[in-house]
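Asker: Need coordinates for the below:
(2 chains)
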Amino acid sequence: MGNSPEEEYDAFLEKVKRTIYVDNLSPQVTESVLKAAFNQFGNVSSVQFIPNYFESKNMPQSALVIMENPKQAREIIGQMENYCLMILGMPRPVRAQPAKVEMFDDRPRKPGRKIVCRWVDPTEPDFEVAKKIKNLVRKHAAEASLVLEHQRGEEEKLANQQSETLKGHYRKYELLDSVLDDGTAKHLERYYNMKLTD
Amino acid sequence: MAYSDDECELALDNVSDYEFVSDTEELISFVKLPVEWNKGETREGTRKPIFLSGKTDNGLRLIYKQVIAWKFDLSYDKPEISVLSAEGNWIKLLKPRNLFQDTIRTIQITVHFLHFAKWNPQRSKKALWDHLNRSFSMFQRRPSEDDLLNHLQFIDEAVKRDETLANSKLLTTCLDESLGKRTFTADVKPSFIVDDTDDNEDLEEFDKIDENGDDESDEDDCFDSVCAICDNGGNLLICDGKCMRSFHATVKDGEESQCESLGFTNEELEELKTVPFYCKNCEYKQHQCFACGELGSSDESSDCEVFCCVNGACGLFYHPHCVAKLLHPGDKSAVEEHRQKIAAGEQFACPAHKCHMCKELEVRSNPDLQFAVCRRCPRAYHKKCLPRGIAFEKDADEDKGIIQRAWEGLIPNRVLVYCLKHEIDPDIFTPVRDHIKFPGPQRKKIKKLQLETSKRKDLVKERNVALEEDDEKKYFAKPPKRADKVSASSKQGDLSKRVEKIPAEGPLKRQKLATNTNSLGKSKESTSAEGEISLGEKLYSRFYGIDSEPVKSSTRGSLPGERKTIQKTKSPAKRIHNSVTLDADARKRILTLMKDASSSITLDQIKERHKSPSTHSQYSKFYADTVTLGKVENAIQSVRAALKKLDEGGTILDAKAVCGDNLLSQVTKWKDKMGVYLSPFLHGMRYTSFGRHFTKIDKLKEIVDMLHWYVHDGDMLVDFCCGSNDFSCLMKKKVDEIGKKCSFKNYDILQPKNDFNFEQRDWMGVRPHELPDGSQLIMGLNPPFGYNAALANKFINKALEFKPKLIILIVPRETERLDKKAYPYNLVWEDDQMFNGRTFYLPGSVDVNDKEIEDWNLIAPVLSLWSRPDLAPKHKAIAEQHGHSSGARKNYRLEESSKEMPVQAIHPDKPENQESSREMHAETVYSDKPENLESSKEMHVQTVHPDKPENQEQEDDAMVASSNQESLPCDGSRGNEGDKNPAEEKNHSEPNSNKFDGKGKRKRQSINLPPEDNLSSSKGSQLRHLSPRVAGGNSLEPYPPKLVRTPSHVHSDYHQPNRSNLHTPHQPYPEAAAYGRNEGAVGNLVRRYAAPSPNPNYGLRREEPNSWSPRPVTPSYPGPGFPSRYGGQHNHPAVIPSYNEMNSTPSTMQRYAPRLDELNHARMNNNRPPPMHDPSVMYRPPGTLGPVPRGGSLGFAQRPYLPHSQHNSSSGWLNE
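Answerer: Presented below is the predicted three-dimensional model:
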């Protein structure tokens, strides 16, 4: 690299701008699938899956798709808002949003920002604060997992419902098909002396 | 949730989480109220009473009040809006309910606008909009001038009354510039709005056209669609059960007819919609006898008391004795007999299916013979037989006491009547509505308003409780108002950030956040006032800021700038708890938040936002839900019953009483529609491509090569559905090469990869004045096909509006021909062969091997060039000059690009070959002089295989064959041979052949190589086969056994690695298997553009299994068989079998064409005499008669690879 941190960071920011964050992905989606899916609207320069830390098994549900330029990224996001893009059999559309800096695991350090870690002694006034922050973080995690849990529940419900509906419709289709298929309709048609638009 | 105002102006109530509703429960903006400009000065405005509902007293108390006026106050730091309650109190509006925000958005923006203009008279317009954007950042739509336009009059009034405003420079410039110096009168409409409406009109027109053109509409639906309770139409809920009735689900839906409805609330209705709805009767299997009105069990499995009429469109139940009595009036013994039969389960058709007077059937197509059906008893009349006492609207005359008893138009092709037995209640225009009895617990009927409000109360109460428990909230509500005010702007900024930062949780969360914003801003304000504190504390306080923490935190301070960064990393709306496990309270709160968030989004809103292009609107018309299971079951049953009746010797009349002919046709229609609706599932899931389907580049190149001759300087090429946008790029390259200057315009609704001259637009929305004159336009290419080419027709019709000089199309055969249009175009040429085979691919979809998935059409679409009549002669001349004549084209069959020529070498130039080869060459570099190519080919062939005697033979043979063929343009062209520069051609061809000698070894091997070689190569490629299959797995129909078939090996050797893209997918389907594959693949074929359309032609073939059966036969074409076949085909027995095979089999042709390109397969195909077809016929599914076999993309399939494989073996033979 050899670039100054500033340059590197700028380059990174630029990359963020041309990145699309997609989630709601089917677990079967692979990098190449994703690439192909987005390649139809622009040139994908790379795809990065975001590990899913919330679930026990790490099945990425979201990914960063880095496009060739920011314009493409913007347009694709706009488009996916208008037309639901389904990727690989998941009967729900994939969501797309502009990526944020924080979504990148490998983001370079922001120039000029310094993080110093140190132990806080229980006697220090900050100790209490630090403790509170710690608790807060835990709390957030607990809350997030609750939300996720519910979300999953809802999703499952939705998926079941969808498959039920589908089954229902398919059953109708089969019924209709059966009567047409076994010649009943044809016979009747002949008796009636009418012509069906088959 | 802003609770901050309680300490000032106690007299003035304030309200948050509010919404305004009209007396009809619709959300309504307070703008409809009169404005009070000054004390006592109001203007009239209200028409209906408007109610305010919301929370007051820091959210503790609910109010629901009628309001009569509103006012705004710009004198504070923030604009304030208040409404006047009917009791005379002013109530200040704080934060609206989420759902309500959109309703009052524009007026809020307007007030903010005035406020800003008043207080910042000197600032720039940009600052203004920035400010507004910040203030309204929680909205999806950013504030814009459009929002002000609705309130121009209001602004005008405000300006008149406020001097400061009137003098505000900002306001004046703003209004002058951005609103286009419009005078503030409402009747002067801003120009762009006018534009908009134009657009809408246009679109509406299209819609209308659609509707007219859509002959499949549900018009002849033979089911009634009126509420069973009140007999009126409207928004109905259909029972999924056998009764097939419809109901008004909510009181509001049935308002017009004062229907008591099922009495559901909207919430319940939403819930209901997720599952099939069964009415109480069907749920409990207790139906009313339509004759006597008594409830009885209709459970066929036990103790059945009432039986359903077998007519598929009926759904009425009867006691056996009731219906028997009706069916045999006066004949007691017959009644008894029939009663027993029915009770024993015999099917019957109720009396409502024959005219009560003449006992004849209904004929819906004849208005006089349409039925008038009583809604209260099983009695029907022909319209002509209707008793005179039953009055239509026109005959009704109150004075004479004649009451209307018949309504037309409510039930399709029928008349709704109440026969003379029933007393009409003049208030409700129907007989007394006590005819419906539901089993099970009765619903209490509560008056609507009560019901609704109490319901709401409960809801809110719940929410309230949650809030109360959360005492911190209360604290939170306390921060003094002044802080709020000071921070107004900074707060807004902060808020907007908050909203933006929500990580990846989607729109759901977004709204929710907005609800929190107020509080956030406040706490931040409270904190930021403090001075410097240690870093840790700063951090901590920042969290407070985010987390709506209690006021304790306000003692800490922080720097706003830093806070932002930290905030971003944190998730919103959380509170500190000391334990990690969430207590019930917290859970509840989160759940409430989630619920709020999800309730703030409605399906309608989303539908609103996702407008589909006009072309697709038609598809939304069909809702599979309206075809209920009950209807289907009944219909199916009645069809069978009718047939049974006939088989048992019944009369047509009886049968038709059971199943009318319209019902029968309805069944077919349903099936078609369900097929379309379900096609993604029936045909495999191909989501990733938006159902798109692009033409392969090599095909496009061919088209470009032909088309460029017709292009003149200054022409504009319009691709109305550009897909990948490759065509115009290729075209551009080509015309640049030949030194012509053209412009391009490409439309599509989706963003292409290459945005060369691209405009993301719906083609239907492009208006003629946007493009140059028609004489400079060349437009067309590959539109979406749609069901029965409906979409293609639409695209073409639109294109014709521009009167382009040329239209080039890739459309299915069913498309209406342009010479049949009102303004006919002349055909220059067409080619129905070019798109045989795998000529399309699905963009954005890859198989497991990351290969793009290909696709082909069962019946190849036709490439055609149409000319405007006035220029037709000219274009025809060009066509002739370059050999693009239609006849020739027809046979033209060209496969992959000339790169892959090697095999061709084996087949010396048949005259027919010239044609295709011509194209091939043209593709690469040398444009289209057939003759040259031909010569080159000859040379080529010779160079490559000088030593093959067969070549000679073939050649001869070919000659003969060609002479048999009807179109021999090549022969004619031969004379020209060499008049281009042969050297160049030669060069061209030779390198090619050389190249192939090296690279393309395998290909040649296929014919020439010794078997071992084949084997080895096949191994490699077989692997490849597997994967594509798997890719095919998309269609979820694996054909594993086929994969292993040896023939595949045989074929595989044809594949060069570099071509694998093109061919691999075929390989797995050698011979018959290939055909089988079709079934799955057909789905893929289905040309889908948004809405999938299993066009019969493209669609799934159920009959396939049958068609497979002949397969075993195929193997019986052993080598020896060839000659005979060959002879049949070409009249030239001498020809080498393998060669024949290749030629004769379309599939092989297609596949190998690249290699064969020097041969004119096309010719051969064309020539293919009937015998040749025979085998294919065997495979051919019944539905595919006609053009299919040859064109068949399936070509492969149908005449699958067998010949080919033999060919292979024969190649060995050849070598011998």
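
Asker: Could you say which helix or strand holds residue 146?
Answerer: I'll assume chain A. Assigned by DSSP states H and E, residue A:146 belongs to helix A:125-181.

Asker: Wait, chain B was what I had in mind.
Answerer: Going by DSSP H and E, residue B:146 is in helix B:145-149.

Asker: Repeat that for residue B:702.
Answerer: With DSSP H and E as the criterion, residue B:702 is inside helix B:697-707.

Asker: And the next helix or strand after that helix, what does it pack against?
Answerer: As assigned by DSSP H and E, the chain's next helix or strand after helix B:697-707 is strand B:715-719. Applying 3 or more CB pairs under 8 Å, 6 or more residues apart in numbering or on different chains; DSSP states H and E, we find strand B:715-719 packed against helix B:726-737, strand B:742-748, strand B:777-781. Any C-beta I mention is one placed from the backbone N, CA and C, and that applies to glycine too.

Asker: part of a helix, is residue B:304?
Answerer: No. Counting by DSSP: H, G, I helix; E, B strand; the rest coil, residue B:304 is not found in a helix; it is coil.

Asker: by contact count, what packs against the helix or strand where residue A:190 lies?
Answerer: Here residue A:190, judged by DSSP H and E, is contained in helix A:184-192. With contacts defined as 3+ CB pairs under 8 Å, 6+ apart, the packing partners of helix A:184-192 are helix B:629-647, helix B:652-658, helix B:661-682.

Asker: quick one, which of the ones you listed is nearest to residue A:9?
Answerer: Residue A:9 lies closest to helix B:661-682 among those, at 45.1 Å (CB to CB).

Asker: can you give me the mean pLDDT across the closest one?
Answerer: In this model, helix B:661-682 has a mean pLDDT of 76.

Asker: Please report phi then psi for residue B:627.
Answerer: phi -90, psi 90 (degrees, to the nearest 10).

Asker: center of chain A, which residue is that?
Answerer: For chain A, the residue nearest the mean C-alpha position is residue A:23 (0.9 Å; CA atoms, centre = their mean).

Asker: who touches the spatially closest residue to it that is not a sequence neighbour in this structure?
Answerer: Distances taken as CB to CB, 6 or more residues apart in numbering or on different chains place residue A:62 nearest to residue A:23, at 3.6 Å, with adjacent residues excluded. Residue A:62 makes contact with A:21-25, A:49-50, A:52, B:504 under the criterion CB atoms under 8 Å, 6 or more residues apart in numbering or on different chains.

Asker: So in terms of bridging, what pairs with residue A:62?
Answerer: residue A:50 (DSSP bridges).

Asker: could I get the helices and strands packed on helix A:184-192 as TSV with distance to chain A and mean neighbour count?
Answerer: Compiled in TSV, those are given as follows (distance: least, CB to the nearest CB, whole Å; neighbours: other CB atoms under 10 Å in any protein chain shown):
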stretch	distance to chain A	mean neighbour count
helix B:629-647	5	22
helix B:652-658	6	22
helix B:661-682	4	22
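
Asker: Can you tell me the element residue A:25 falls in?
Answerer: Using DSSP H and E, no helix or strand contains residue A:25.

Asker: quick one: contacts for it?
Answerer: Per CB under 8 Å, 6+ apart, neighbours of residue A:25: A:34, A:60-63, A:87, A:90, A:94.

Asker: Please identify the one among those residues that lies nearest to residue A:192.
Answerer: Residue A:192 lies nearest to residue A:90 out of the contacts of residue A:25, by CB to CB, at 45.3 Å.

Asker: so how far is the least confident helix or strand in chain A by mean pLDDT from its chain's centroid?
Answerer: Counting by mean pLDDT, DSSP states H and E, chain A has its least confident helix or strand at helix A:184-192, which shows a mean of 77. In terms of CA atoms, centre = their mean, to the nearest Å, the centre of helix A:184-192 is found 51 Å from the chain centre.

Asker: Can you report how many residues neighbour the nearest residue to residue B:168 once chain neighbours are set aside?
Answerer: Of all residues not flanking residue B:168 in the chain, residue B:121 sits nearest, at 3.8 Å (CB to CB, 6+ apart). Residue B:121 has 15 neighbouring residues, counting by other CB atoms under 10 Å in any protein chain shown.

Asker: quick one: residue B:121 from chain A, how far?
Answerer: Applying CB to the nearest CB, to the nearest Å, the value for residue B:121 to chain A is 36 Å.
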